[in-house]
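J.: okay, here's the prediction I keep looking at, along with the sequence it came from:
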Amino acid sequence: MFRSAIVRKPCKNFSKGLTTSSLGLPNYEIVLEQHENYIKALRKCGLEIHILEAGEKYPDSTFVEDIAIINEKCAVITNPGAQSRKGEVHAILKILNDKYNYEKIERIEAPGTLDGGDVMRINKCYYIGLSSRTNKEGASQLAKILGSYGFTSQVVEMKESLHLKSGVNYILDNRLLSIDEFRDNPLFQKFEIIQVEKDEEYAANCIRVNNYLIMPKGYNNLKETLTKLNYIIIELDMSEFKKMDGGLSCLSLRFP
């Protein structure tokens, strides 16, 4: 069960962030509206939300998931793989110290790089994707840190996805949402895999938050599948964040 979440307001320079998308520039007014609806959804799921002010120097800073891994035993501040994002860690470190009084705050140090979007927790095991943002040294450091707190880790080789959770996500009930890239990965064969169709791959990035499953709006085939499995679904329009390679999980740090 999650109790809390940290989010950060999108900055006015949001459209200058990193992206591989060819969907055009985001509309800032709609970005703010969609972000507010995201916060409302998390509150509906029962979370207490702490909202950080926008970081105008850091266009990608609303994607707070990449900056930390937080669980009931520790918090790990990452070393983001993109140079332009490294300064984002200061605001997250400050809030963890000032508001949440985390006694155990660890750090990923250079030459290791790690984005939180490459880290997926399933029970006591963390799956760490090797991507253009997360290197072997960063994954190794994280595995060692988590191991000292009683967690296990598995490294996931990646070829196409920007982040691990761009293509595979755990939705409880021993189920994974997965795109083709991860469907046949031996690491995931002990789970029931719900395949996300090629034209709906963006929707693989759903988040299970307590009794609800939050998914992007407009992916009707996946929605129908999940509805038949009795998930209680909240749909959110993510059109403007999609333009900047952002998904639902990216926009919050959720923790017990």
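T.: Right, received. Where do you want to start? Nothing here was measured: the structure is a model prediction, and the numbers come from that model.
J.: need phi/psi at the residue lying closest to Leu52 once chain neighbours are set aside.
T.: Here the nearest residue to Leu52 in space, its sequence neighbours aside, is Arg8; by CB to CB, 6 or more residues apart in numbering that works out to 4.1 Å. (Glycine included, C-beta is placed from N, CA and C.) Here is the backbone geometry of Arg8 (degrees, to the nearest 10): phi -140, psi 130.
J.: try Asn101
T.: phi 50, psi 40.
J.: okay, now it: neighbour count?
T.: 7 (other CB atoms under 10 Å).
J.: for the protein, which segments count as helices?
T.: Using DSSP state H, the helices of the chain run over 28-44, 89-98, 136-148, 180-183, 220-228, 239-242.
J.: ok, residues contacting the fifth one?
T.: Outside of helix 220-228, the residues within contact range by CB atoms under 8 Å, 6 or more residues apart in numbering are 171, 177, 194, 196-197, 200, 203, 206, 213, 215, 233, 235.
J.: export only the CA atoms of it, formatted as CSV.
T.: Provided in CSV are the C-alpha atoms of helix 220-228 (Å, rounded to 0.1, in the frame of the first residue of the first chain):
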residue,chain,number,x,y,z
ASN,A,220,-9.5,0.9,-25.6
ASN,A,221,-8.2,-2.7,-26.3
LEU,A,222,-6.0,-2.7,-23.2
LYS,A,223,-8.8,-1.1,-21.2
GLU,A,224,-11.2,-3.8,-22.2
THR,A,225,-8.8,-6.5,-21.2
LEU,A,226,-8.1,-4.9,-17.8
THR,A,227,-11.8,-4.3,-17.2
LYS,A,228,-12.5,-8.0,-17.7
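J.: Ile51 contacts Arg8, doesn't it?
T.: Yes: counting by CB atoms under 8 Å, Ile51 does reach Arg8; the two are 7.4 Å apart.
J.: on that earlier part again, need the winner for burial among the helices of the chain.
T.: Compared across the helices of the chain, helix 239-242 shows the largest average neighbour count, a mean of 21 (mean count of other CB atoms under 10 Å).
J.: what's that one packed up against?
T.: Judged by 3 or more CB pairs under 8 Å, 6 or more residues apart in numbering; DSSP states H and E, the packing partners of helix 239-242 are helix 28-44.
J.: mind listing what's buried along stretch 108-120?
T.: Buried residues in stretch 108-120, counted by 16 or more other CB atoms under 10 Å: 108, 112-120.
J.: likewise stretch 169-179?
T.: 169-171, 175-179.
J.: what's opposite Val76 in the beta bridge?
T.: Beta bridges link Val76 to Ile69, Glu106 when assigned by DSSP bridges.
J.: gap between Ile69 and Val209?
T.: 17 Å (CB to CB, to the nearest Å).
J.: which one's more surrounded, these two?
T.: Ile69 (25 against 21).
J.: hmm, Ala139 and the more buried one touching each other?
T.: No: if you go by CB under 8 Å, Ile69 and Ala139 don't touch, sitting 11.8 Å apart.
J.: you'd agree Lys44 is up against Tyr212?
T.: Yes: using CB under 8 Å, Lys44 is in contact with Tyr212, at 7.0 Å.
J.: please enumerate the shared neighbours of the two.
T.: Joint contacts of Lys44 and Tyr212 (CB under 8 Å, 6+ apart) are Ile234.
J.: would you enumerate the residues in contact with the closest residue to Arg85 other than its chain neighbours?
T.: Of all residues not flanking Arg85 in the chain, Asp60 sits nearest, at 5.5 Å (CB to CB, 6+ apart). Asp60 sits next to 17-18, 66, 82, 84-85, 88, 244 when contact means CB under 8 Å, 6+ apart.
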